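Chemist: Mind folding the following:
(2 chains)
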2 protein chains.
Amino acid sequence: MAELRKFVARHEALEPFFVGVDLGGTNVKVGVVDDAGRPMSWLSIPTKSPAGPEDAMQRTGEAVAHAIAVASVKPAEIARVGLGSPGTMDIPTGMLLEPPNLPGWENFPIRARLEHHCGHQVTFANDANAAAYGEFWVGSGQDLASMVMFTLGTGVGGGIIIGDLAVDGHHSTGAECGHIIIEMGPQARMCPCGQPGHLEAYCSATAVLKRTQEALAEGRASSLRTRMAGGEELTTVVIAEAAEAGDELATSVLVETARYFGVGVTSIMHTIDPDGVVIGGAMTFGGTTTTLGRRFLDEVRAEVRRRAFPVLAEKTSIEYARLGGDAGFIGAAGLARLAHRKQHRIGNVER
Amino acid sequence: MAELRKFVARHEALEPFFVGVDLGGTNVKVGVVDDAGRPMSWLSIPTKSPAGPEDAMQRTGEAVAHAIAVASVKPAEIARVGLGSPGTMDIPTGMLLEPPNLPGWENFPIRARLEHHCGHQVTFANDANAAAYGEFWVGSGQDLASMVMFTLGTGVGGGIIIGDLAVDGHHSTGAECGHIIIEMGPQARMCPCGQPGHLEAYCSATAVLKRTQEALAEGRASSLRTRMAGGEELTTVVIAEAAEAGDELATSVLVETARYFGVGVTSIMHTIDPDGVVIGGAMTFGGTTTTLGRRFLDEVRAEVRRRAFPVLAEKTSIEYARLGGDAGFIGAAGLARLAHRKQHRIGNVER
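Modeler: Here you go, the predicted model:
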């Protein structure tokens, strides 16, 4: 991650330049990225979602201008802007539809309004697909020909990249990998989306905390109980640390999570058969660069070896993401670059 | 289906022409197809798999020449040949690896040998992906922008088409939709591939017959018992007929199958978000054109409405395939056409 946070200087940067915008419920990250995927500048502004989307897009437009100035670039040198946003959305028309994390932002023509406020053509994408494209372009997936990324955070998101195609779906709902069904029976856990048995209901940070609380409620011994009694908040970082230190309950939660996750990864491998799988999201970089740690990754790989076609288990790489919280804006810039290259028929199908 | 079996005459056909080859364990279907996806000729030869792949490819080469002659076309008017074959395979190198349905054909350079015997460049594809492309090009999916096809037969196969991309996978194992995991617990049924909980273990013809036999063994009343006592063989056609006639056991098997299937369809919809889902394979055209019948389709749709994101349940079409056993060779020809158009940069991304 370190070398990517080093900003490339204007005189070393490759033209043309792109701006990536990563819209979140709390912050908007904006950065200028060169043609090789290297950040040239970066800044973050609060989303202030209650003030509404028009206000946020106006301030985002200002942030884009600021990021361009900081990068010592002229606005005319920016080929295109990419915007990654939480759904639900309609990509062809550039509309936000009903984003649950941005209440009051319903049915907003976000692409057109950002174009208005920043003065550039905007490529619109799902935030998880943008992050996946960032990792594919210059992160963990840079040597892969195709890739599926799972983002483990409050929920479980996904991105599917096959060559120069980000699978955004015919109804702008592609790659919702957290909503693969891994359990169909009556014992299935309920997903926050309201349906039973989804991967997210087992593997999101929310689900991991819930399963840990359940295990603690059974009265099982654990160092977690002592830590919580001492006022510490239960987080996936704390659970991963406890597992690392040998806590049995924390370890069993971590291992179970990896096994559930391996089921979803296997289903994706049997349908997409990507070159590699990348695991990102706040759970993988929330505390340290590898919050879930080596053990989790090893257990995921073991479950996939048990469940997937042998040739796929052997040949498909499974790695953590590398760009951390930068994947979103870098990937949004990358998708803008992809659209620019397709429009102007620049180069072959490549990153 | 009827209008597609009518062969288009040479003077009405659109150039260039393609040959599609659909290699099966029992027969090889070979047909000439025009630029609009209309068959101009069609023939079938026995695979005679024990005689080995070289013998079969030599006779296939002769069949290609024969089909070309019957279509009143000159060999030089054929732009390319497409070959759909069962896996396992390595598409980039044109190798058959270890096809379970073609014992003795291991590690055979099938693409190069067919090129040698037919004198044309050959595009190599998985048979299920070829069938899916056939339906996408001129069948049930012809108005769709992207499509997932499930083939219900002895096993459960799949094909994923997104625009001009057939998702054949980085390790030539893409779109194995029968091997989505729908049940991860210890109660999961075993798939013939050796892994538990796969869609195929619940929804293939083999699985449906097994589940019916289990229900009969429980002693439940059913007209099926009488029919079998009368010497009739239990098949999915017989089960669908009995369900149609009101048999309770047959109906419950059919409805359960639809529900299991709907779980797999939902997972695919949440990951690919295709414009539509097409259900084909021998179970849908084995006896009549709609062996599984209206009831099965209605129940699949109902399960998807219960399980999928509302926007997808509402907007994603779910239909039976239309080309029956012709989908394979038409689709193989279609994939040859796609490769030809990409090579010569003809037209935009379109069918």
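
Chemist: distance of the residue of chain A most remote from its centre from A:Arg225?
Modeler: In chain A, A:Gly219 marks the outermost C-alpha relative to the chain mean, sitting 35.4 Å out by CA atoms, centre = their mean. To A:Arg225, A:Gly219 is 10 Å away according to CB to CB, to the nearest Å. All C-beta atoms are positioned from the backbone trio N, CA, C, and that covers glycine.

Chemist: same check, this time on A:Ala240
Modeler: Distance of A:Ala240 to A:Arg225, computed by CB to CB: 17 Å.

Chemist: Settle it for me: which of those two has more neighbours?
Modeler: More crowded of A:Ala240 and A:Arg225, by other CB atoms under 10 Å in any protein chain shown: A:Ala240, with 25 against 15.

Chemist: Where do the helices of chain A begin and end?
Modeler: A:2-5, A:53-70, A:110-118, A:127-138, A:200-203, A:205-217, A:223-229, A:236-244, A:248-272, A:282-285, A:293-307, A:310-315, A:327-343 (DSSP state H).

Chemist: Comparing those, which comes out most buried?
Modeler: Here the criterion is mean neighbour count by mean count of other CB atoms under 10 Å in any protein chain shown, and of these the winner is helix A:127-138, at a mean of 30.

Chemist: Quick check: mean pLDDT of that helix?
Modeler: Helix A:127-138 comes out with an average pLDDT of 97.

Chemist: Could you list every helix and strand that that helix packs against?
Modeler: The contact analysis (3 or more CB pairs under 8 Å, 6 or more residues apart in numbering or on different chains; DSSP states H and E) places helix A:127-138 against strand A:17-23, strand A:78-85, strand A:146-152, strand A:156-162, strand A:165-166, strand A:276-280, helix A:327-343.

Chemist: could I have it exported to CSV, CA atoms only?
Modeler: Output of helix A:127-138 as CSV, limited to C-alpha atoms (Å, rounded to 0.1, in the frame of the first residue of the first chain):
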residue,chain,number,x,y,z
ASP,A,127,-18.6,1.9,-5.4
ALA,A,128,-17.8,-1.8,-4.9
ASN,A,129,-17.2,-2.3,-8.6
ALA,A,130,-15.0,0.8,-8.6
ALA,A,131,-12.9,-0.5,-5.7
ALA,A,132,-12.6,-3.8,-7.5
TYR,A,133,-11.4,-2.1,-10.7
GLY,A,134,-8.8,-0.1,-8.6
GLU,A,135,-7.3,-3.4,-7.2
PHE,A,136,-7.5,-4.9,-10.7
TRP,A,137,-5.7,-1.9,-12.3
VAL,A,138,-2.9,-1.2,-9.9
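
Chemist: tell me the angle that helix makes with strand A:276-280.
Modeler: 120 degrees (axes from the mean of the first three to the mean of the last three CA atoms, to 10 degrees).

Chemist: tell me the angle helix A:127-138 makes with strand A:17-23.
Modeler: 140 degrees.

Chemist: Same list (the helices of chain A) but as JSON lines, adding distance to A:Leu97.
Modeler: Below are the helices of chain A laid out as JSON lines (distance: least, CB to CB, whole Å):
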{"stretch": "helix A:2-5", "distance to A:Leu97": "32"}
{"stretch": "helix A:53-70", "distance to A:Leu97": "12"}
{"stretch": "helix A:110-118", "distance to A:Leu97": "10"}
{"stretch": "helix A:127-138", "distance to A:Leu97": "14"}
{"stretch": "helix A:200-203", "distance to A:Leu97": "20"}
{"stretch": "helix A:205-217", "distance to A:Leu97": "23"}
{"stretch": "helix A:223-229", "distance to A:Leu97": "39"}
{"stretch": "helix A:236-244", "distance to A:Leu97": "30"}
{"stretch": "helix A:248-272", "distance to A:Leu97": "25"}
{"stretch": "helix A:282-285", "distance to A:Leu97": "24"}
{"stretch": "helix A:293-307", "distance to A:Leu97": "33"}
{"stretch": "helix A:310-315", "distance to A:Leu97": "35"}
{"stretch": "helix A:327-343", "distance to A:Leu97": "19"}
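
Chemist: can you list the residues of the stretch 151-300 of chain A near chain B?
Modeler: A:158, A:160, A:162-163, A:165, A:167-177, A:179-185, A:187, A:193, A:195, A:260, A:263, A:266-268, A:270-275 (CB under 8 Å from any CB of the partner chain).

Chemist: go with 6 Å
Modeler: Contact residues (CB under 6 Å from any CB of the partner chain) of the stretch 151-300 of chain A with chain B: A:169-171, A:173-174, A:176-177, A:179-184, A:195, A:263, A:266-267, A:270-271, A:273-275.

Chemist: about what we covered before: now the helices and strands packed on helix A:127-138 as a markdown table including mean pLDDT?
Modeler: Below are these laid out as a markdown table (pLDDT from 0 to 100):
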| stretch | mean pLDDT |
| --- | --- |
| strand A:17-23 | 98 |
| strand A:78-85 | 98 |
| strand A:146-152 | 97 |
| strand A:156-162 | 96 |
| strand A:165-166 | 94 |
| strand A:276-280 | 97 |
| helix A:327-343 | 96 |
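
Chemist: picking that back up, what does the residue farthest from the centre of chain A show for phi and psi?
Modeler: phi 90, psi 10 (degrees, to the nearest 10).

Chemist: Contact partners for it?
Modeler: Shown in contact with A:Gly219 (CB atoms under 6 Å, 6 or more residues apart in numbering or on different chains): no residues.

Chemist: Let me see the confidence value for whichever residue of the stretch 51-200 of chain A sits closest to chain B.
Modeler: Nearest residue of the stretch 51-200 of chain A to chain B: A:Gly169, at 2.7 Å (CB to the nearest CB). The model reports A:Gly169 with a pLDDT of 97.

Chemist: Check A:Met283 too.
Modeler: On pLDDT, A:Met283 comes in at 88.

Chemist: what sits against it?
Modeler: A:Leu152, A:Gly153, A:Ala205, A:Thr236, A:Thr291, A:Leu292.

Chemist: now swap in A:Gly328 and tell me
Modeler: Taking CB under 6 Å, 6+ apart, we find A:Gly328 in contact with A:Asp22, A:Gly84, A:Asp127, A:Ala130, A:Ala131.
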